[in-house]
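Asks: No sequence on hand, only this structure:
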């Protein structure tokens, strides 16, 4: 992965973009993809799609990665100058206390920290209880409502974790926020860039979509699938890496650094089986490591795309990632590179006859 790609990855992960507020990230992606996209297609919800034309108009291959991140939205400013908030996306309250955040106001960004009533003044029985999100607040250092509102903050302002991007373990592991799922958008952008720079032939038209509002209900996937009308779809996501203490193999079978994963089942979609088998075959033939995964308790953009219009054969290819939906995640750059390679190899194979075979009886 060259420096241009790593700079893009850093910029995308550090950008501000919770669900419903993705414009900064979408604009960054659009600017970067300008030299590589034959056309840019957008819907009215905010998803942006980069078109790479091959030798045929169809099949249309939709490849998606959502650019929204889990975050928060300000729900009130108290008389004492503290900010209450609601979640944008799923958060486990235990990962929040003591973490720094950035609030975007009409006067600029301000910093804060998520806090709650200190344990020093709690009775022993209350200290043992988990602190719920509704008991937390954001402290920006203000001492009154007037002082807080003077910074520009108001109800409805978005909030994201403060978490600088960095490379660790000799540069082979990335650490930061928003891997879920800007890493998916990064992979599709990198795949299209390499196809264009390498003049790689493909018998289809690729639509690489940076989708919005996935974390609040897969909303951008629904609208962009309607616009594109795809014949087949590859959804690029993160997977829960099961190589941390306390996780059993059947709960999360993938491991960081062992290759991208193919999702065989989740609560939002059972993948098209011939397409699933093609992914396995292509990975094997290209000597790309591939892990098989399941996730009973989650869903992806594929949940909406595979039911779009008359239906669309769809699979999810993911990067095993530790500690998703928190301030700091970790993933292997080797897994990201292999995911890019796999996507390119699949694009080369998805001709009309192959795609028609996914639904033939």
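Replies: Cool, the structure landed. Treat the numbers as computed from the prediction; the structure is a model and nothing was measured.

Asks: Any idea how far apart the tips of stretch 68-83 sit?
Replies: End-to-end distance for stretch 68-83, by CA to CA, to the nearest Å: 22 Å.

Asks: May I see the buried residues of it?
Replies: Across stretch 68-83, burial judged by 16 or more other CB atoms under 10 Å covers 68, 69, 70, 71, 72, 73, 74, 77, 81, 82, 83. In this view, the C-beta of every residue, glycine as well, is placed from N, C-alpha and C.

Asks: Isn't residue 15 up against residue 27?
Replies: No: at 9.2 Å, residue 15 does not count as touching residue 27 under the criterion of CB atoms under 8 Å.

Asks: still on that earlier bit, let's have the buried residues of stretch 68-83 in CSV, adding pLDDT, distance to residue 154 and secondary structure.
Replies: Converted to CSV, the buried residues of stretch 68-83 look like this (pLDDT from 0 to 100; distance: CB to CB, whole Å; DSSP: H, G, I helix; E, B strand; the rest coil):
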residue, pLDDT, distance to residue 154, secondary structure
68, 98, 21, coil
69, 98, 21, strand
70, 98, 21, coil
71, 98, 16, strand
72, 98, 14, strand
73, 98, 11, strand
74, 98, 7, strand
77, 98, 7, strand
81, 98, 13, coil
82, 98, 14, coil
83, 98, 10, strand
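
Asks: from these, which is closest to residue 9?
Replies: Of all those, residue 69 has the smallest distance to residue 9: 14.1 Å, by CB to CB.

Asks: wait, what's in contact with that closest one?
Replies: 17, 18, 19, 89, 160, 177, 178, 180, 182, 215 (CB atoms under 8 Å, 6 or more residues apart in numbering).

Asks: What residues does the closest residue to it other than its chain neighbours make contact with?
Replies: Among residues not flanking residue 69 along the chain, residue 178 sits closest, at 4.1 Å (CB to CB, 6 or more residues apart in numbering). Taking CB under 8 Å, 6+ apart, we find residue 178 in contact with 12, 13, 14, 15, 17, 69, 160.

Asks: Could you identify which of those residues has the most neighbours?
Replies: residue 69 (28 neighbours; other CB atoms under 10 Å).

Asks: Any idea what that residue is bridged to?
Replies: residue 18 (DSSP bridges).

Asks: Which stretches in the stretch 201-350 of the chain count as strands?
Replies: Using DSSP state E, counting those that start in this stretch, the strands of the stretch 201-350 of the chain run over 205-211, 232-240, 261-266, 291-295, 314-322, 329-332.

Asks: ugh, wrong one, the stretch 1-150 of the chain
Replies: Secondary structure of the stretch 1-150 of the chain (DSSP E, counting those that start in this stretch): strands at 39-42, 48-53, 60-66, 71-77, 83-88, 100-105, 108-115, 137-139.

Asks: Residue 253: which of the contacts of residue 69 is nearest?
Replies: Among the contacts of residue 69, residue 180 lies closest to residue 253 (CB to CB), at 18.2 Å.

Asks: which residues sit against the worst-scoring helix or strand of the chain on mean pLDDT?
Replies: Ranking every helix and strand in the chain by mean pLDDT, DSSP states H and E puts helix 124-127 at the bottom, with a mean of 83. Applying CB under 8 Å, 6+ apart, the external contacts of helix 124-127 come out as residue 119.

Asks: Quick one: distance of it to the chain centre.
Replies: Centroid displacement of helix 124-127 relative to its chain, using CA atoms, centre = their mean, to the nearest Å, is 37 Å.

Asks: Just list whatever residues bridge to the nearest residue to residue 37 once chain neighbours are set aside.
Replies: Distances taken as CB to CB, 6+ apart put residue 50 closest to residue 37, at 3.9 Å, once the chain neighbours are dropped. Legend: beta-bridge partners of residue 50 under DSSP bridges are residue 40, residue 208.

Asks: Quick one, grab the pLDDT at residue 50.
Replies: Note on residue 50: pLDDT of 98.

Asks: Over to residue 264?
Replies: 97.

Asks: okay, how far is it across stretch 200-215, tip to tip?
Replies: Per CA to CA, the first residue of stretch 200-215 is 34 Å away from its last.

Asks: Next up, the contacts around residue 139.
Replies: The neighbourhood of residue 139, defined by CB under 8 Å, 6+ apart, consists of 82, 83, 112, 113, 114, 115.

Asks: again, but for residue 175
Replies: By CB under 8 Å, 6+ apart, the contact set of residue 175 is 165, 166, 167, 168, 328, 329, 330.

Asks: Most neighbours out of those residues, which is it?
Replies: Most surrounded of those: other CB under 10 Å gives residue 329, at 22 neighbours.

Asks: pretty sure that one contacts residue 179?
Replies: Yes: under the criterion of CB under 8 Å, residue 329 makes contact with residue 179 at 4.6 Å.
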